[in-house]
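>>> Based on what follows, work out the 3D shape:
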Amino acid sequence: MNQRARILVIYPDLYFTIIGVFEGNHLLYQQKVTHNEEELRRFEQLIDQVPYRKQAVFERLDVDGMNTSHFVSVCGRGGLLRPISGGTYRVNDAMLYDLKTNAYGEHVSNLGAILAYEIAGNLNIRAYIVDPPVVDEMQRIAKYTGVPEIQRTSIFHSLNHRHAGRIAAKKLDVTYHALNLISIHIARGITIASHYRGKIIDVTNGVEGEGPFTVDRSGSVPLKGFLTYLSHHYALDEGFLWSHVQQDGGIKAYLHTEDPTIIRSRLQQDDQQTQEVIEAQAYQIAKEIGAMSSVLHGEVDGIVFTGRIDENDFVIDAIIPRINWIADVMVFPGKNDLEALNEGVLEVLDHPEKAKIYVAEEAE
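The predicted structure is shown next:
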């Protein structure tokens, strides 16, 4: 690979698009392109934002003097696709169709592959995604729920979990595929995963309500208690109930704040309720880590924390004493999305045939 060759990485979020340019593993350039909220509201669907965001990206690159002729590929944030194994995928027609039609749900992450493809087309280069949130490598027995009509599904921060696993492997001076790890991603959502020899064989699905409570999500709740709650609020619609547990639950429901600065201040003032709520959250996370260690038969090479660690250091401090007997603990702050996307492309850049092919479900 030409050492001067550059990879453009694109990470769309609700009101902004983060772009990065890498030379090899070196992050040469990063910008957060903020989009006017009023401007975005004029688009009926998320997919309609693509031309607007694409123009904004090109304009920012031009203003900042980034020579797009040096780009050899573009990588976008992965979106809601059908369940697939982890890895680097070349953006193709089947993928674009599923994203544009919201076949598996509408989410701003769906714009990643589409933007990458559109920009790459203008530059006559290839577009990729890496480890989208629908990566499913769960073992079959992990999908049982006790209700035959309902299966556990794999939706999680796969990009960050895998990247954290690879960083851990470098620290331990072994290959990622030689390790058994437990990884914990802490942000607005919290997900906990078991890595077995390069595959993530079980994970808590924080999007659909599994795992510990978070800053504003309830996490797993006792089924009978929740059904009783529903029966007392039968007139409320499903959307309201879902937002109640996914946006108004967790720490926010107990402490009436989600600001880590306020929480830290209350802890420093020895506020008893705040201490108990944070200890309860740490307890739940530690319990899930213990459960994941059983998935790996107790053979754990390391426990890896990633995500917004700096904001949640008081939680980490409460977790570690409960789980450090299982294995050594490693903490890697930051989401590292751009680096993880770039790493995935580097793996296939000199060998494009190694990139995986996304196939529509009905075509299998």
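
>>> burial of the nearest residue to I320 once chain neighbours are set aside, as a residue count?
Distances taken as C-beta to C-beta, 6 or more residues apart in numbering place V329 nearest to I320, at 5.6 Å, with adjacent residues excluded. Every residue, glycine included, has its C-beta placed from N, CA and C. When neighbours are defined as other C-beta atoms under 10 Å, V329 has 17 of them.

>>> wouldn't V329 be in contact with F305 here?
Yes. With contact defined as C-beta atoms under 8 Å, V329 counts as touching F305 (7.1 Å).

>>> Quickly find the element holding G298.
Under DSSP states H and E, no helix or strand contains G298.

>>> Any stretches of the protein with poor pLDDT?
Along the chain, the parts satisfying pLDDT under 70 run over 1-4, 233-242, 244-246, 362-364.

>>> could you pull out the strands for it?
Ranges of strands within the chain are 6-12, 16-23, 26-34, 71-76, 88-90, 126-130, 180-186, 190-196, 199-203, 302-307, 329-333, 356-357, based on DSSP state E.

>>> Can you redo these as CSV, where the extra columns are distance to Q272?
Shown next, in CSV, are the strands of the chain (distance: least, C-beta to C-beta, whole Å):
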stretch, distance to Q272
strand 6-12, 40
strand 16-23, 39
strand 26-34, 39
strand 71-76, 47
strand 88-90, 49
strand 126-130, 45
strand 180-186, 24
strand 190-196, 24
strand 199-203, 34
strand 302-307, 26
strand 329-333, 27
strand 356-357, 52
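
>>> Could you list the residues in contact with the lengthiest helix in the chain?
Of all the segments of type helix in the chain, defined by DSSP state H, the longest one is helix 272-295. Helix 272-295 has contacts (C-beta atoms under 8 Å, 6 or more residues apart in numbering) with 142, 182, 184, 186, 190, 192-194, 196, 201-202, 204, 211-214, 219, 250-251, 254-255, 263, 266-267, 300, 303, 314-315, 318-319, 322-323, 326-327.

>>> how does this structure divide up, domain by domain?
According to automatic domain parsing, the chain comprises the domains 6-134+338-363, 140-333.

>>> Just the buried subset of the contacts of helix 272-295, please.
182, 184, 186, 190, 192-194, 196, 201-202, 204, 211-214, 219, 250-251, 254-255, 263, 266, 300, 303, 314-315, 318-319, 322-323, 326-327 (16 or more other C-beta atoms under 10 Å).
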